[in-house]
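Asker: Sharing a model that was predicted from the sequence below.
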There are 2 protein chains.
Amino acid sequence: MSSGRILVAQGGGPTAVINQSLVGVVLEARRFQAVTRVYGARHGVRGIVDEDFLDLTQETSHNLELVAGTPSSALGSTRDKPDLAYCQEIFRVLRAHEIEHFFYIGGNDSSDTVRIVAEQAQAAGYPLRAIHIPKTIDNDLVGNDHTPGYPSAARFVAQAFAGANLDNAALPGIYVGVVMGRHAGFLTAASALGKKFADDGPHLIYLPERTFDIDAFLRDVKATHERLGRCVVAVSEGIHDASGTPMVVKLAQQVEHDAHGNVQLSGTGALADLLCEEIKSKLKIKRVRGDTFGYLQRSFVGCVSDVDAREAREVGEKAVQFAMWGEPQGLGSGSVAIQRTGFYSADYALLPLDAVAGKTRTMEDHFIADSGTDITDAFRLYLRPLLGTGMPDAYRLRGVPVPRIGG
Amino acid sequence: MSSGRILVAQGGGPTAVINQSLVGVVLEARRFQAVTRVYGARHGVRGIVDEDFLDLTQETSHNLELVAGTPSSALGSTRDKPDLAYCQEIFRVLRAHEIEHFFYIGGNDSSDTVRIVAEQAQAAGYPLRAIHIPKTIDNDLVGNDHTPGYPSAARFVAQAFAGANLDNAALPGIYVGVVMGRHAGFLTAASALGKKFADDGPHLIYLPERTFDIDAFLRDVKATHERLGRCVVAVSEGIHDASGTPMVVKLAQQVEHDAHGNVQLSGTGALADLLCEEIKSKLKIKRVRGDTFGYLQRSFVGCVSDVDAREAREVGEKAVQFAMWGEPQGLGSGSVAIQRTGFYSADYALLPLDAVAGKTRTMEDHFIADSGTDITDAFRLYLRPLLGTGMPDAYRLRGVPVPRIGG
């Protein structure tokens, strides 16, 4: 290490704890005497090619701690998905600034960017260590027990469904809650962690790992409604038919000239509304309500898993340690991964970038019940410790009935 | 008091703290030696006419305390709005069970039910004391400084917008969040309490107390987007044009054959989606996202104002005290109201039922900025103490820029 300059950036969708990782990098890097400057690129890779850097060496430790506890990406983020030319431009700027350690906090796409940039450096004989730091509420990175950001979003979803279930019990009817997750159902499955009593909802859970059939869906809802007088349903935004066509597209096509004919999956209430319409029209049930959790589930301030916050901090710290103490030139690059070592404890490994980049993890079969509309105890055991301490709990009256007088 | 039997019930939409009021009634009533039985009607007035009662005298104090901390109506609720015949039936059941104290926790409609039942008893010379206990997340009861349930829902909305603002700053674009409140904008206005820095959103707030004009809306959004490169908007579900037509109906009509042509205001994402469509098509802005907070804002488990919880408990306790120590026969009936006595402290009064029943409070003019798209410091001072302790706070990097090298 000669220049002593390191660069950190944040990419993709923000999470509740992504700033823990940022601050983990900055504070850990500042402990190394050889580090002279810690730069942060604004708005991810976009800020690198635009040379839009902040000098994080000049932030107080105190303010960094407060920023660590603030959700969303403090440096700003980007949806840019760099191609080869873009990556070459990133490398050019890194070299111009004599940056020898590059840390990129992000999901699948970000790890692929890090991989290509590291290859560029190696090909040019430039001594860059490029480290991908995981984050994604989707929990879809391979090689990780779970990813920072997922536990806090999962906690939001669990608490939301715990409340929706209580509301639905008070004013019975059908409730459909649509949860983020295009290919991986981990976040939707977290809805089950809000259940306590045997008749609590969500009573049905629809994941993108299973084919969605609208007739089976209506049959399931009808049966639950007949059994309990109500039904709470958790649906992934990514549910699709056997051909892979997203249900939001398919249902919208059935409605003539619908304004939702061609919409993004997130940031719209279309899927919830269309499913509710189906239930109302086909099952003739009156009280049917749908919510789309939307951006609340990843940005809500005040719903953080302390386990998640701690681990997000550590992946940042470990990234710096791997970079500083790792193998020489090039081989020090990699992707930090969380590995489970106890019930519950975790440790961190540095995986080769090509073991993670561009790959998508989905829910393992043993996490999904045979019915296809529920999760297993294995999943419950997997997720519960990640949600952290202080999870709210729901209580009900034991309810001794008073004899009727009648007449 | 002869029979020593009292009855309590919960009506209308659940809140985060409505069980505090229930438990306040039960525990306070059980302190009176003259009280022999505390009954709870399941699902509000519906449970009265169905004689579906629970004996709350047989609940443990311990479990009651845990239920008090659980959101939503533990007895169940109803949307039934009793007419005269329904109220006569309520009175008939109360008399059959020799119930001499009736407590109904609810909003406008519930207070009107209590009023009619009290009149029935008085006309029949039956010694009933009927007390309305306030709750509503809409904050639209007259005679109250504020209503139990509103502060916790307001806290959810403030925290949600604090997060949405951070998310929008990280990935700039337009964000529209639709908040409950058909006639009163109090809950939508709470979005402003999530702001900290001068350029934080929500940048625009649209309340049902002001006429909504789509062209002015688009101008405002465009101007904010040009100024800040982004825009966060808070919109009440009840916004309407000059004729009083809800915007969700009006916008849906403009879209040919739209599936949302005839929808309820809550439980659908239509308004957010339609406003986003307008912004996309008219302003040609690419990244436009809408969220409808839906049932999350009233049922989310884990977002409670401690001030709200305390006051909700006290309105229940005070209701029993007013009933037990109040004026004789009939005149002891009334509606419990919260009155502000300091910055911040509150006390409780018993108002005549006809001073509250069937009336709707909307936001006072001095709470709304002249622009019509913001709130005033008077509102900020009004709401802040109600949100309680431990509100999350947002921090940002101070951001010392690094000189560009260029080339």
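Answerer: Yep, that arrived. Numbers count the residues shown, from 1 in each chain, chains lettered A, B, ... in the order given.
Asker: In contact with the closest residue to A:L193 other than its chain neighbours: list those residues for me.
Answerer: Spatially, and ignoring its direct neighbours in sequence, A:L193 is nearest to A:A158 (4.0 Å; CB to CB, 6 or more residues apart in numbering or on different chains). Every C-beta, even on glycine, is put in place using the N, C-alpha and C of the backbone. Taking CB atoms under 8 Å, 6 or more residues apart in numbering or on different chains, we find A:A158 in contact with A:A190, A:S191, A:A192, A:L193, A:G194, A:L387, A:M391.
Asker: Give me the pLDDT for the closest residue in space to A:G326 that isn't next to it in sequence.
Answerer: Nearest non-adjacent residue to A:G326, counting by CB to CB, 6+ apart: A:G332, 3.3 Å away. A:G332 carries a pLDDT value of 78.
Asker: now swap in A:V25 and tell me
Answerer: Per-residue confidence (pLDDT) for A:V25: 98.
Asker: Just give me the neighbour total for it.
Answerer: A:V25: 29 surrounding residues under other CB atoms under 10 Å in any protein chain shown.
Asker: Please apply the same query to the one 4 residues further on.
Answerer: The local packing of A:A29 (other CB under 10 Å) involves 26 other residues.
Asker: what secondary structure does it sit in?
Answerer: helix (DSSP: H, G, I helix; E, B strand; the rest coil).
Asker: Next one: A:G44 relative to A:V8, how far apart?
Answerer: To A:V8, A:G44 is 10 Å away according to CB to CB, to the nearest Å.
Asker: what do the two both touch?
Answerer: Counting by CB under 8 Å, 6+ apart, the residues touching both A:G44 and A:V8 are A:L75, A:Y104.
Asker: Need the nearest residue in space to the residue nearest to the spatial centre of chain A, chain neighbours excluded.
Answerer: Nearest residue to the geometric centre of chain A (CA atoms, centre = their mean): A:I137, 0.5 Å. Residue nearest to A:I137 in three dimensions, not counting chain neighbours: A:A153, with 3.8 Å by CB to CB, 6+ apart.
Asker: interface residues of the stretch 101-250 of chain A facing chain B?
Answerer: With CB under 8 Å from any CB of the partner chain as the criterion, the stretch 101-250 of chain A meets chain B at residues A:Q159, A:A160, A:A162, A:G163, A:A164, A:L166, A:D167, A:A169, A:A170, A:L171, A:Y175, A:G194.
Asker: So which of these belong to helices?
Answerer: The members of those that map onto helices under DSSP state H are A:Q159, A:A160, A:A162, A:G163, A:A164, A:L166, A:D167, A:A169, A:A170.
Asker: residues near the second one, how many?
Answerer: Counted with other CB under 10 Å, residues neighbouring A:A160 total 29.
Asker: and it, what is it in contact with?
Answerer: The contact partners of A:A160, taken as CB under 8 Å, 6+ apart, are A:G177, A:S191, A:G194, A:F293, A:Q297, B:L296, B:S299, B:F300, B:V301.
Asker: ok, these vs B:Q122, which is closest?
Answerer: Of all those, B:Q122 sits closest to B:S299, with 37.1 Å by CB to CB.
Asker: and that closest one, how far is that from B:K284?
Answerer: Per CB to CB, B:S299 is found 37 Å from B:K284.
Asker: Next, work out how far apart the closest residue to chain B within chain A and B:D291 are.
Answerer: Of all residues in chain A, the one sitting closest to chain B is A:G269 (1.4 Å; CB to the nearest CB). Taking CB to CB as the measure, A:G269 falls 8 Å from B:D291.
Asker: Same question for A:R361.
Answerer: In terms of CB to CB, A:R361 sits 27 Å off from B:D291.
Asker: Those two: which is more packed in?
Answerer: Neighbours per residue, other CB under 10 Å: of A:R361 and B:D291, the larger number sits with B:D291, 28 against 20.
Asker: Doesn't the more buried one belong to a strand?
Answerer: Yes - under three-state DSSP, B:D291 falls within a strand.
Asker: okay, it: pLDDT?
Answerer: 94.
Asker: Any of the contacts of A:A158 buried? List them.
Answerer: A:A190, A:S191, A:A192, A:L193, A:G194, A:L387, A:M391 (16 or more other CB atoms under 10 Å in any protein chain shown).
Asker: Narrow those residues to those in helices?
Answerer: Using DSSP H, none of those sit in helices.
Asker: wait, which of these is closest to A:H366?
Answerer: Closest approach between these and A:H366, by CB to CB: A:A192, at 14.7 Å.
Asker: hmm, back to that, so what's in contact with A:G269 and B:D291 at the same time?
Answerer: Here A:G269 and B:D291 have A:T292, A:G294, B:A272 as joint contacts, going by CB under 8 Å, 6+ apart.
Asker: I'd like to check which residues are in contact with the first one.
Answerer: Taking CB under 8 Å, 6+ apart as the contact definition, A:T292 lies against A:G177, A:V178, A:E237, A:T268, A:G269, A:L271, A:A272, B:G269, B:D291, B:T292, B:G294.
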